[in-house]
Structure formats: C-alpha cells, structure tokens
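> Could you work out the structure for the sequence below:
(4 chains, ligands or ions: 6)
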Amino acid sequence: MAKKQNTDVSIVLCGQAGMGIQTVEGILTRMLKGAGCNVFATKEYMSRVRGGKNSTEIRVASKPVSAFVNRIDLLIPLNKGAVEHLRDRISKNTIVIAEEQVVGNEVHGNFRFVEAPFTKIATDIGNKVFSNVVAVGLLAGLLGMKLPDILDYVKKFFASKAADIVEKNTKAAEAGFQLAEDLAGRIGLAFTIEPDAGVKDQLLLNGGDAIGLGAIAGGCNFISSYPMTPSTPVLTFLARNGRDFGVIAEQAEDEIAAVNMAIGAWYAGARAMVSTSGGGFALMVEGLSLAGMLESPLVVNLGQRPAPATGLPTRTEQADLEFALYSGHGEFPRILLAPGTLEQAFYLTARAFNLADKFQVPVILLTDQYLVDSYYNIPGFDLAKVKVEKYFVKTEADYKRYELVKNGVSPRGIPGFGRGLVCLDSDEHDEYGRITEDLQLRIKMVDKRLKKLESAKKEIIPPELFPKQKYKNLIVCWGSTYHVVKEAISRLDRDDTSLLHYSQVYPLHQKTADLLGKAGKVVVLEGNATGQFAKLIRLNTGIEIENRLLKYNGLGFTVEEVTAGLKKILK
Amino acid sequence: MAKKQNTDVSIVLCGQAGMGIQTVEGILTRMLKGAGCNVFATKEYMSRVRGGKNSTEIRVASKPVSAFVNRIDLLIPLNKGAVEHLRDRISKNTIVIAEEQVVGNEVHGNFRFVEAPFTKIATDIGNKVFSNVVAVGLLAGLLGMKLPDILDYVKKFFASKAADIVEKNTKAAEAGFQLAEDLAGRIGLAFTIEPDAGVKDQLLLNGGDAIGLGAIAGGCNFISSYPMTPSTPVLTFLARNGRDFGVIAEQAEDEIAAVNMAIGAWYAGARAMVSTSGGGFALMVEGLSLAGMLESPLVVNLGQRPAPATGLPTRTEQADLEFALYSGHGEFPRILLAPGTLEQAFYLTARAFNLADKFQVPVILLTDQYLVDSYYNIPGFDLAKVKVEKYFVKTEADYKRYELVKNGVSPRGIPGFGRGLVCLDSDEHDEYGRITEDLQLRIKMVDKRLKKLESAKKEIIPPELFPKQKYKNLIVCWGSTYHVVKEAISRLDRDDTSLLHYSQVYPLHQKTADLLGKAGKVVVLEGNATGQFAKLIRLNTGIEIENRLLKYNGLGFTVEEVTAGLKKILK
Amino acid sequence: MDPKLFDMGQIDVAWCPGCGDYGILTVLKRTLTELDIGPEKLVMVTGIGQAAKIPHYFKTNFLNGLHGRALPPAVAIKAANPSMVVIAESGDGDMYGEGGNHFIHNIRRNPDITNIVHNNMVYGLTKGQASPTSQRGFKTPVQVAGVILEPFNPLAVAIALDAGFVARAFIGDADQTKEIFKKAITHKGYALVDVFQPCVTFNKINTWQWFKDNTCYLDQTHDPYNRAAAFKKATETGKLLLGVFYINPNKTTFEDEIAIYSDDKRPLYERQPDYNRLQKLIDKYRTAG
Amino acid sequence: MDPKLFDMGQIDVAWCPGCGDYGILTVLKRTLTELDIGPEKLVMVTGIGQAAKIPHYFKTNFLNGLHGRALPPAVAIKAANPSMVVIAESGDGDMYGEGGNHFIHNIRRNPDITNIVHNNMVYGLTKGQASPTSQRGFKTPVQVAGVILEPFNPLAVAIALDAGFVARAFIGDADQTKEIFKKAITHKGYALVDVFQPCVTFNKINTWQWFKDNTCYLDQTHDPYNRAAAFKKATETGKLLLGVFYINPNKTTFEDEIAIYSDDKRPLYERQPDYNRLQKLIDKYRTAG
Ligand SMILES: Cc1ncc(C[n+]2csc(CCOP(=O)(O)OP(=O)(O)O)c2C)c(N)n1
Ligand SMILES: Cc1ncc(C[n+]2csc(CCOP(=O)(O)OP(=O)(O)O)c2C)c(N)n1
Ligand code: SF4
Ligand code: SF4
Ligand SMILES: [Mg+2]
Ligand SMILES: [Mg+2]
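Residues are numbered from 1 along each chain as shown, chains lettered A, B, ... in the order given. Ligands and ions are numbered 1, 2, ... in the order given. Below you'll find the model as predicted:
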C-alpha cells in the first residue's frame, strides 16, 4: 500500500464477549489521547456475557471526531466469524490484521489481509492472554506512537498488578510495536495522525459518565434504580462516587419501588433521580403520574433501547419519545430533554434537577445506548456554568403546599424545615394537600398543574442551528444523533444545508414553525420506525415533514448512511 | 302549581352514602320501566362508603331518554346539606320534597318546597329504614303509577326477605302513594308520563352490565383483574356469571399479574380480558408492550376516571386517550374502541375479542364511570349479530409462530393443539420465536408488527354521522358523550348541525378529514382539559379544531351545558 | 404533650360509623403524645384505601401516595432525613397485596420506620373484595364461591425474613395496642404491627365480636427473642395470638449502613455538592488509566 | 423417551462456559424424559435473565415473557388448559426480586405448576449486581461497599406461606437434583425448587467449590411433613441444607378450586359461549327485580 496521509482512521476490533476487546479499547484510546490524538469509540454488543460477536469502533484522528462511521480502515478480528459479522462494512480498502486461521477461507480479496501471529507472540511471552496487548502495541505503532510512550502507558495501566504481569504486558506491547515497525517497513503500512498537544489534557469519557457527573453537579444526592441496560452505568457511577459526594445510591427491589423512593426522597428535601430503560420506565408510569399529582420534582434517565418488551437489550433506538411524553394517567406537565453530545449530557443532566425543582414536574432525559456507551475527547466541563438552584422554602405555620398562585408553582416546603406541616396527596386535594371532592377546586387544581407548563415554556432550551443561519435545506434531529448528522452535513459540503438539533424535545420550542418554515426542504432523522418527533412537530406546528430518515435495526446511524440518505433526498 | 303536561321528568335523590339511595333508584326505575315508562339513571358519588353527599338522577319520560341533564324537576334530599350540594342545579322550577328539618333554613324561595314526613310515616310503620320505600311510593304515585302495580312490584322486589319485612315495605309504599294522592289533590302536584307498552319488555341495564354481557358474547372465558373503580363492575359481572358461562374470573395480586395472566391465558387458547382504571393500567404498561412483542391478543377495559394518580376515584373523565394510545415502550399497533351507548358497549366489547384475535394486538375499550354506572332502557341485543370468531390454527410440526407473511398476521397456534411447538419470546426473535440478534431480521419483525395496523385499518368502525349527512356545523365527540351531545343537538333544533361520534378512536377512520372538511365549523367535545381527541385529529388530518367544549371537574357533560356551549359557538 | 395537638378540629371523616379505623387513629395520637413525638417531627406515609386515609384526620406531615406504595417513599424519607420519625401505614390489601414486594424487601432493608397495617381482612374502599388476609370461604362479589387462596400470614413471613420487630394487635383493646405501638416506634429498625380492625360494612364475618372471640394474647412465657418459637406461635391454628411475637435486637438499620451519615449528620436537604471534589473527579478523566 | 427429543441441534448458547445453567438444562431434560413428559405436553414460562433463556436451548412450547413475570402467565396457562405440564423457571433476581409479589401470592394460590429458580446469588445478565439472595458483604459495581440487606430466604418464606412443596438443590449434584425435580413435578400443586447454580463470571465468592463446601443434605431423619421443623432447617445458620424441606399433601390446587372444570374437562380453547344461556341472562334485564 502506498503510504497515505491518513488523518482519520477507523479501527474496528471484533470478537466474542469476554475476549478482552474492552481492554484493548480502554488502553488504546487513553494512550492515544495521551499522545495528543483525537479519539472516538463506540461499541455494539450482544445481550450475553460470553461468546457471540461484539465489535468496537475506534476512530483516531487529527481533528476531533465524535461520530460512528461505517467505514473500517483497519479491522482486527479476534475469532472466526468476526469478518462475516462485519461483512457489510468491509471494503477493498479495509486492512484486516489477523491470524491466518481467524480469517480462514474468508480471504477472498474483498479486503487486504495482513497476517499477524498475535497468539504465537503472546504464547512465546508466556500466555495467550497477552495477545490483546500485542494488538495494542501493534495498533499504537501503526498509528505513529513512540515505543517509550507506549511502554510507559502500559506500565501505568497495569500498575496495580503483580510485577510479573506488568513485565509480560510490557513485553507484549513491545512485540506488538515491533510487528508494526516490521509491517511499516515490509509493506508500507502506517498511518499519520497529527498529534495535538491540546488534546492530551482533554477529558475522555462516555455518555454514562457525563450524565453521572452532571447529576452530581446538579446536586443529585439520591438515586434509586433497578439495573437495566443501558441505564445501569449511571447507577453504578453514582454508587461508585456515592461516598465521596454524599449520594445515597440504592438498588430497589423493582422499578416501582425505585420511582416511589425517588418521590419520597424529593419530598424529604433530597434531589433524586432514577435511571432506567423502556421496560423499567413502563413500571414507573404510575409513579410518574403520582409525581404529576403531588407536584413532586423528579429526574428520570430513560436510556432507550429497541423494544417492544425485552427487544434487543444492548442495542440502541429512539423510540420512547411518545411513550415518555404521554404516559401516565391524567393530564400533567413534564419536560423532556434529549442530550446529543457529552457536553449536553453533562449540562442538561445538571439542569434537569433545577428544572424539576423549579417547576415541580418530572424531567425525563431521553438518552440511549449509543449516547451512554460512546466516548471521545472534549475540552472539559465548566463548573462555573452549573449551579445547584434549590427552590424549596422554609415553611411558616399554616403552610399550604398547593397554594393557588398565579403561575401554578406553589412554594414547596419540606417536612422538618420550618414550622409548617407539609402534606402531599395523590387524591385531588385542597391547597393544604388534604383530600377533597370539591369539584370547583378540582378545576382550579387541574388548571394550576397545567399552568406550570406555560411557565416552563419560558425556559425552553432553543434548538441548535448550524452551520448557517440561512438555509435551503434543514435537517432536523434530536438526542444522540447530533454528531453523526453534523459530520454528515459537513461531508455534504453544501452551503445551503443546516442542521437543527433539539436537546429539549418537549415542550417544543416556539421558534420551530418559523425555523422549519424558512426551509425549502425539511428532513427529519430519528432512530425509530414511525417518525415520532416528526409527529410531535406536526402536532405542534401543523407542518408535516415528508422526508424522513429512520433507522431501527438496533444500531446507531453511521455518518455514511446519513450522508447518502441526505444526498438522495436533497439531490 | 298548574298541572303541566310533563313528559320528561328529572328526579334527583341526594343523601349520604349508605342511606339507601340506590335501593330507591333500583326499585323505582325497574318499576317504572315495568309500567312502560322510559327511564334513565345516572349517579355521582364520593369515594367513601358512608356519609358524604351522593346523588342519583332518574329521568322518567314518554320518549326514550339516555342522557344526563342538569335540570332537577323533583328533588328528594335525604339529609341536611343535600340541597346545598345541588345548589347550582336547583331552579325556581325545582320542587323539593323533604322533611322540614332536612331543608332547614335553606328554604329561601329559590325552589318550591313541599313537606313530606318520610321518617314519621316510616317510624309509624315500625322503623325509619322504611322511609326509602315511602319515597318510592310517593314518586311512583306522582308519576302516575297505579297502586296495585306499585305494591306488586315492591312485593316482588323484597320477595326473598321475611314476610314481616315484605309487609312493612308494602305498607310504606302504600303510605307513600297516599302522600302522592294527597299532594296531587291538595296542591296539584303530578306528572303525566305516557306509558309505552313496548318499553315494558325492554332491557334495563347499565354500561358495566352491557360490557360484561358483550364479553361473554365475544367468547371471553378468562378475566384477571385487580379491583379499581370504575372498572370493578365488569370483574364482578364475570365473577357472578363465571360458573354458568365457564369464565375463570380471578382477582390478581396486582395489575401486573393481571395483565401477564391474561397474556398467558390467550397463549393457552383462552379469550382473556383485564378490567382496570388509569392507575392500574399504568401498571399494565409493560405488559401491554409484551403483548405487542409476543403478538398476543389482549382485551382491556380501561374505565377512565379523573387523574393524575388517585385523583377523584369515583368520578368520570375522558383523559386517558393519549395514555392508552402511546403507552408502552417501543412501537407496536393497538386498537382503541370507545363505546358511547349501551348497544355499542355490548357489540364493541364482543367485537374487541374478535379484533384482538384476528390482528393479534391489544384492543383497549376506553370507557368511564359515566358509561359504566348509567343505565336506561333499550330494546335489546341481537345475538344473531355477534359471533365468536376464533382465529387460532392447529399447528403442524415445524410450526413458526412468527412466520413472515404478507399482511404481518402470522397464523397463531396454541400449545397442545396440533403437532407444532408454540414459542413466544419477548426478546426480538426469529420466525420460530427464538431469540435473535440478527439485525436484518429485526427490521423485518418491526415491519411485520406495524403492518398489522394497516390490516386493521381495513376494518375501522366508521364514525356515526347524524341526523343529517349534509351540515354546516359538525360536532365531533367520542365515547360516553354520545347521548348527551345527541340530545343537545336535537334541542338546538337547527338543520345545519350534525353529530360525528367515534366509537373507534384509533386507528382513526380515513374519512375523518373529508367529513370535517365539509363543515363550515367544527366543534370537538371531550371530557378532558387538553383536547386529546382534537390533537389526534390534528395529527392524522392536519385539521386543527379550534372550537372545543372541554369538561374536567369529574362530572359528565349535561345536555344543558352542551346545548348552551354549542349555541354560543354556533351563534 | 397533649394529644389535641394532632386534632384537625371539625372535619368530615370518611370512615363508616363503628369502623375500627377510628380506634387506631385515637390510639396512634395517644402513643405519639406519650412518646413526645410532635406533628412536625413525624412523617406519615400511606397508600390508598380506607386505612390509608388516616393522615387526613390528623395534624402531621404526610405523603399519601399510591395504592400499595407506602413503604418505598417512607424508606427514602427516613434515609434522606433520619431525624424524622416515619410511620408507613395502610390497609392489608395495600401493604400485603399490591405492595407485597415492598413489604418483603423492606424487611430485608431494615429502615428505622414503623409499619402499621390495618388488617380488616377485606378491601374496604373498593367495597368488599377479598384481601390477602381474607379467610378461606369468605364470600364477596368477586369471590362469589368464597375465597380459595390460603390467607397471607404476615407475621410468619416477617419472621421468616428475620424482621427486627413483629407484633399483632387488636384495636378492640386500645391500651394494649398503644403499648405495642410504643414498642414498635421505639424499636430501632423496621417494626411491623398488624392490627386487627373490624370493617363493619364489608366484613360481616370478622366482626368486633369475632375478633374478641378468636384472639388472645401470647402468654407471658413466650420468648420474643426465639425465632423458631415465634414462627410456631405465628402459624399455630386455633385462636389468633396478639402481642409481640418476635424481636431481633442485633440488626443495623439501613440509615446506619448507608454510611453517608457517618461523618456528617446533616439531612440531605442541607447539603451542597462539593464542587472542588467534583472538579477533581472530572479531571481524572484527563489522565485516567 | 429419549432426552434427545428435547435437543435443539447445533445452536449458539449464550451462557458462559462453566456456568451452572448448563447442568440445570441437562438435568431438566433427563427429568422430563424419565417422567415421560414430551415437548408437546410441556409449557415452559420464563422471565428475563440468563437462567430465563433456558427454553431457547430446549425443544418445547414456551412463553419467554417479562423480567419478574414468569409466574402469572404460568398460572393462567395451567388454568386455561390443565392438561399441560407447566414449569415456571427463572433466576433469583427475576423470581424473588422483581417478581416477589407473584412469588408470595402464587404460593397462596397453589396452581399445579413447578417453580424452578436458578439461584446464583447475583444478577448475571445485567453483569453482576446483587440479587435478593446475595450474601451480606458481597461487593458489586452497585453494592460497592458490599451488600447490606439481609439475604432473602425463599425456603423460609415459602414455608411461612405453607407452600405445598419446598426444596433446594445444588446443580453440582446432578443426580440428586434430578430426583428433587421429579418429586417437584409430580407433586400436585405449587412446588418450589431453589437450585444453587454457580455464576462463574460474576460471582467469584459463591463458586462451585464454595457451594460444595457450604452445602449438605438434610439428614434422613428430617420429616418434611413437619412445618416447624422445616422452618427451623430453613433458617439454621451453618451449612446451607439441600433436599426436600417441606411437603403439605393436604392442599387443593387452584385449577381444582375454580370449579369450571368440575363437569367439563375441556380446556378453554375448545369451548364456545352458550348463547342460549346468554339470551336468558340478557332477558333477565327485561324483568329484573
Ligand atoms: C393501582 C391501584 N389499583 C387499585 C386501586 C383501587 N383500590 C383503592 S383502595 C383498594 C383496596 C383497599 O383495601 P385495603 O388496602 O385493605 O384498605 P381498606 O380500605 O380495607 O382499609 C383498591 C383495590 C388503586 N387505587 N390503585
Ligand atoms: C423491568 C425490567 N427491569 C430490569 C431488566 C433488566 N434485567 C434483565 S435480567 C435482570 C436480572 C437477572 O438476574 P437473575 O434473575 O438473577 O438471572 P440471572 O441472569 O442471574 O440468571 C435484569 C435486572 C429487565 N429486563 N426488565
Ligand atoms: S368500609 Fe369498612 S374499613 Fe372502610 S370505613 Fe367502613 S367499616 Fe371502616
Ligand atoms: S453470567 Fe453467570 S449466570 Fe450468566 S451465563 Fe455466565 S456464568 Fe452463567
Ligand atoms: Mg383492608
Ligand atoms: Mg441470578
């Protein structure tokens, strides 16, 4: 291969669950970032603990990258069947580095095969388990890292292990590096990523971490949840850091308990959240309605995944928008946020707690497996930009929890703080929170609750419009598809096409009709089969968006398919 | 009072829970119907077992009546505060018949007060408990019934009691009748209802009974539910008749169990339903999604009541339309029916089982307290018009539960019937029902499930349009408001105004846009605060209905308020 | 303290005249008074049902939540602010039926709350269906041929789960019930009191008289620290026994286990996240290995 | 019958090599074979989890439903067609955690089904959080300082609820486990078998060896018809006992109680509503008094 000036490489590792792909990914991305490379990683995996076919994509680039691409420049298949699993993404330009028997009779000239005896090298060092680190050394070498830096990092990574293990891993990395040198020399295989000193000190984290950090920044001090992919990382993040930050992180006996605990915690003055996925959220629906009636704040991380029912537990989808918006008996307001970037994940999660507290409504974060599991480097989070805004009051005697105030938001007291009694009732109630069957009061209370939505409408996060404020074509999307669509649009290389990304999907921003109205052509892109956001837009603006890019096979959109899809529509 | 030719009398009884209003109502309506009068009764009551203020309206008329009116012609308050409770409905024309101390200082000339010493009469007979039957005798007399007929009926009614009780009740009725004679003679108080021999043999039943009978007609042989107002009557109906009709009626430990039992029962070949209200339905949402994924038939009676949360448990509302439509994670089809009359309640419930079986989807009946608790006379149900259509098949070996057939509806087998194995999976699955992570198959299965909705669209029950097929104004409503709007429109006495009533609200009938488009003015009427059906229409047709009559204080619409509301809008 | 402190004045109580719920209300007020627990210090958490209406007739902080869901908010309230006294109270249907999963798992969790269950062996508010504790053969509009399920034995289950405090009372005996309530509330950890409470409207079998005839107190010799003996007493046929069946004094409460209070006693509402520490945690993602 | 009848041929099993689930699968096939229960006669109902995947590796009718919800459909299937053999099977988290309420109430209901619980003391599928049966101190990514809740004792609870058949097995002993399965399946009524099943990936504490060292069989003298003795054995500290703890032979099944089969044995799917009778019922509303 002629030496290309490759500034954006997509590496894919593929193998069974339990083969250590995550170790390779973990070492490689951190090491490369430490060397100043921009990195992005995302994974797709099966709902099983061992076996099957999982793959991780690692992009390494001179410029920041934060989106899933279809293209594979370098593939490391770790077991038989891996090549077959990725067949649709492999092209003539794909270089497959593997042991002969892993690729087997799949070497058809569909791709460029380069043999690398990982296992043999590892076994020579002492055990085939080291073959992962051989691959790390190889990849780091191919990407232009220096040997001392590689060895330094490997040592650091295994620092907590026995001296023997550290030594063997170091050897493995070195052997991998030599293999890279050899390949570079022998067949000219190498990539040139321009390191950027600025990247070195950036953050490298995934969506789950960003949400967890945002929760702490938002003052979260209570999480009650029941494990469910892909929402568990937020629970484990807060459990891990609970002691340090005074967060009670409790695994509930079921999701019903989880949501009712969170409501109890808010009542007592905590800032509580639950983290769940569709099936768990389904069990929380009665609790959601309770929060509506009690006028309790509540923060929900709803990690979407393909459904109905158990569906594809470890995959991604954006099909719970309508569910989140309309579920719960009766009528009460709520706010739906849908972070699309790590920064949004952090700031919006923090903000969710303030919004919930301020308007006394449930705030639901619509995240998904793609957002939670993907990671890339970003400059940082600015703590000066977040603040814990507490809205509860110290009560006076004769305190009325549901005082009929103009904007519907009655001052929220908490028991034990002040002289008043704080009475919350899931029946229709009077201003004191006492059960009532006064039907005139019923009307006032319904109106009061709904009025809070009008107040919340004054603080809707506007959609992001870019690159141009003037456009002929407008691509509308929401939530986790942000970076993919952004990169696709930049690839289109047209100056008449802009992206409109919603990180708050409900209430829908008032400018929506205007912004859409200005476009000649509007395209909506979402990860579901029925175009739920398009329906929400139609309902709110009357505008029917006919051009839709929908995906629902369980994977996130790739830059290429969005680019191609848009090209076709925009001609 | 001058003797009026009153052909439509509205009688209201009001007192505490436990005072026996329901006995009076029960005897009076059946007795009057037996005498050929058209009757309608509806009640509003508090969520308590004793005390409080409950009232029942009984309309007695020469022509069929089936709607709640605001007007009270004759009020029997049974305790202090009853008059106050109904203040807004009492006019100068209202005749209040009561004991002096019950009305007390509320006799302000706001209404016409007629004293009737119920308690004294009853005590003279032997016990004040008989005062209810004194009232029955009085009312029957005032309405023109003959004494022998009254006594006959009272005897029949109490036939199962001790001879002594029968005798005293008969005496009480007679005393009441004499009081009526006296009032007629002394102050000219009497009403003239034209009896209609045809009515005598009609059915007199409420919505709960109609749904229960419809369920049996639809082949229902399994109900698993958890008590919740106003859905319990359907459960008790099927429990009561279970032995006779081979229905298993099981009170589940919670609503989650209820819905999962129903799904299991369908799987085994039963025709199963659950009956619940908003809060219970909230707990069934995960199960609903399961039915979506398993492609299990399911019939749900969702008795709506004011929410959120516990709300006003014994009142009525139509605010769970969007909830029923969008709840459940993931995307899968469902059918929503909303009976508005007793006939619809019967036929649609029966049909729900066939639809569920045919399309393998959940069918939800959106009923409410008003529909369930109201009753009136109707000619009958025609069993020749219903049929149990069973769609399951006898399986062959190598049976595929989820065979990819064109219309999405794979032949449904059941275990033990045929040679095949029947495999149902809540994960994404292959044609055999075995768990899969084949993402191409995922797409096919999503499409297959959604396709069933297209099939179901071929059988949408058209909305009823009347009286005229040509109109300038179109009043749109759904579910239990049928008769109230119908009577209101007839009172408007305009020939340019028609009613469009939907008894199937989803999928929405294709003619909707057309029908609405023909009107100069469209008004939507629904029992909620946000206009949920109007939103559904907008979403499906693009038509925004600006004229809305909404009610959400917990009571059903009255004919008068609909008439007035429409007058105002139509000018 | 004066029990009047808790009085609501002239209010309309939704319970039927003669209902056992009145007695429980009165006894509870007296108990709290004697324990010097004022309305501001107390939080009552209830579900839905007749029993669950109790805080509406009572001056106190309360969260009257969902049917079956009294325990989860109660546990969270106690955890978020351990200085409050928390009572979770509801009917038998609410606590053992709809809420059964929270019942069993919160015994395992052992929060320092008191769980009072009004056991009338019937669903009162929804007009007389069987509850989990309804006796076999009990006829209702749903159980038309009589209850066929084995009655739920809350005491035996609680003992099987090694609950810290397990007792049963009958509201027909106000004084003893008060003593039991006192012990339960002062017990550190989860305490269950199942209280027989006649429903005069929907349970015509298990009436005041029936309970009088069919209950008697555990005898003096009963050792509440003996789990096997307690289980035996709880499952004995014959008269239903009353009193404190079982105490396990060696349990740590949930609030003590969760550790966030070990060096900072402030309730959660007084706290702010430590942004310096958060900055450090964020910075770890710059170098994380 | 040949156990091969149940084999799926070459399929990709999602369990980890060395997992105790394989053993349960094999033993179950052998049990059914020996009892002459063929694939067409059997319905397996499972929830979600690693254990709950079992019917996918097995030729049989099955409903693989929701996490925690294996029992409700199982009961309904048996009630709708009593001629089927119904096994409800899932993991400890599924059955005792999410599904706890169905567990306790179906013991009361006593359907004639067998309830097999794979007890690995951990949530396998979701990667290693505590399950209700996890031992105190067990560390996981959520229980970072170790489990603080009292482990759920399914046997004690089942005995407290007077379940008809209560047993525990360890899949390390295939033969004994098979014998226990046989007894459970042939028991008429609800039968619980809690099976210790090592999770080699996420439970590094309760390993094969640990179970070997920490279990032993009930001795011959144990009388399974003695409830108090069974409770004592189920709550004893020391080694975890295996075998049949408790049998109550005097219980009627749910299917026998519901009476609709008393004079008509046909399963529900063969039935049609009696329209003549329905016409009569409708007509009652013409004259009803
Ligand atoms: C989710 C849900 N299901 C059902 C109901 C209806 N419901 C209200 S109270 C109640 C039972 C009350 O029985 P119990 O808890 O024993 O209290 P009691 O009225 O006997 O004091 C039921 C079924 C409800 N409110 N919410
Ligand atoms: C409502 C719901 N909540 C959570 C989950 C996620 N989930 C799937 S399996 C499982 C636990 C599995 O543990 P267990 O039942 O012990 O089975 P094992 O995997 O250990 O065999 C959980 C929490 C789910 N599928 N549905
Ligand atoms: S229905 Fe029963 S429990 Fe409820 S208040 Fe009346 S007597 Fe008490
Ligand atoms: S994770 Fe544990 S329980 Fe699941 S298959 Fe692996 S070893 Fe078995
Ligand atoms: Mg009760
Ligand atoms: Mg497990």
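> Skip the chain neighbours and tell me the closest residue to the closest residue to ligand 1 within chain A.
In chain A, no residue comes nearer to ligand 1 than residue A:286, which is 6.2 Å away by CB to the nearest ligand atom. Where C-beta positions appear, they are placed from N, C-alpha and C, glycine not excepted. In this structure, residue A:286 finds its nearest non-sequential neighbour in residue B:282, 3.7 Å apart by CB to CB, 6 or more residues apart in numbering or on different chains.
> wait, isn't the one you found in contact with residue A:330?
No - between residue B:282 and residue A:330 there is no contact under CB atoms under 8 Å: 9.8 Å.
> Who has more neighbours out of these two?
residue B:282 (32 against 28; other CB atoms under 10 Å in any protein chain shown).
> which SSE is that one in?
helix B:278-294 (DSSP states H and E).
> next one: residue C:72
Here residue C:72 is assigned to helix C:71-80, by DSSP H and E.
> close to chain A, is that helix?
Yes - residues of helix C:71-80 contacting chain A under CB under 8 Å from any CB of the partner chain: C:71, C:72, C:73, C:74, C:75, C:76, C:77, C:79, C:80.
> Columns distance to ligand 2 and pLDDT on top of those residues, output as a markdown table?
Converted to a markdown table, the residues of helix C:71-80 next to chain A look like this (distance: CB to the nearest ligand atom, whole Å; pLDDT from 0 to 100):
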| residue | distance to ligand 2 | pLDDT |
| --- | --- | --- |
| C:71 | 19 | 98 |
| C:72 | 16 | 98 |
| C:73 | 20 | 98 |
| C:74 | 23 | 98 |
| C:75 | 20 | 98 |
| C:76 | 19 | 98 |
| C:77 | 24 | 98 |
| C:79 | 22 | 98 |
| C:80 | 24 | 98 |
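> between those residues, which is closest to ligand 1?
Taking the residues of helix C:71-80 next to chain A together and measuring to ligand 1 by CB to the nearest ligand atom, the closest member is residue C:71, at 13.1 Å.
> From residue B:61, how far out is the closest one?
52 Å (CB to CB, to the nearest Å).
> again, but for residue A:529
Taken as CB to CB, the span from residue A:529 to residue B:61 is 52 Å.
> next one: residue A:42
71 Å.
> Within range of chain B, give me the residues from the stretch 451-571 of chain A.
Going by CB under 8 Å from any CB, the residues of the stretch 451-571 of chain A near chain B are A:528, A:529, A:530, A:535, A:538, A:539, A:542, A:544, A:552, A:553, A:554, A:555.
> Out of the residues you listed, list just those in helices.
Among these, the members found in helices (DSSP state H) are A:535, A:538, A:539.
> Just want the phi and psi numbers for residue C:38.
Phi and psi for residue C:38, reported as degrees, to the nearest 10, are phi -80, psi 170.
> more crowded one of residue A:42 and residue B:61?
residue A:42 (25 against 22).
> so what's the more buried one up against?
Residue A:42 makes contact with A:56, A:57, A:68, A:370, A:373, A:374, A:375, A:556 under the criterion CB atoms under 8 Å, 6 or more residues apart in numbering or on different chains.
> Most neighbours of all those residues, which one?
Busiest of the contacts of residue A:42 [other CB under 10 Å] is residue A:68, holding 29 neighbours.
> close enough to count as contact, that residue and residue A:370?
Yes - with contact defined as CB under 8 Å, residue A:68 counts as touching residue A:370 (7.3 Å).
> what sits in contact with each of those two?
With CB under 8 Å, 6+ apart as the test, residue A:68 and residue A:370 both reach A:42, A:556.
> Let me know the closest of the ones in helices among the residues of the stretch 451-571 of chain A next to chain B to ligand 6.
Ranked by distance to ligand 6 (CB to the ion), those are led by residue A:535 at 39.8 Å.
> how close does the closest residue to the closest one other than its chain neighbours sit to chain D?
Of all residues not flanking residue A:535 in the chain, residue B:539 sits nearest, at 6.0 Å (CB to CB, 6+ apart). Residue B:539 sits 30 Å away from chain D, going by CB to the nearest CB, to the nearest Å.
> residues in contact with residue B:539?
A:535, A:538, A:539.
> Just put those residues in JSON lines and tack on distance to ligand 3.
Listed next are the contacts of residue B:539 as JSON lines, based on distance: CB to the nearest ligand atom, whole Å:
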{"residue": "A:535", "distance to ligand 3": "45"}
{"residue": "A:538", "distance to ligand 3": "49"}
{"residue": "A:539", "distance to ligand 3": "44"}
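> Verify the contact between residue A:369 and residue A:302 for me.
No - in this structure residue A:369 lies outside contact range of residue A:302 using CB under 8 Å: 11.9 Å.
> With neighbour numbers in mind, choose between these two.
Legend: neighbour count by other CB under 10 Å for residue A:369 and residue A:302, higher for residue A:369 (31 against 25).
> Phi, psi for the more buried one please.
phi -60, psi -40.
> if I pick it, what's in contact with it?
A:229, A:230, A:303, A:304, A:305, A:314, A:315, A:316, A:317.
> Contact partners for residue C:44?
Residue C:44 neighbours (CB under 8 Å, 6+ apart): C:54, C:55, C:58, C:60, C:61, C:62, C:63, C:86, C:87, C:88, C:89.
> and what of residue A:121?
Here residue A:121 is in contact with A:130, A:131, A:134, A:172, A:175, A:176, A:179 (CB under 8 Å, 6+ apart).
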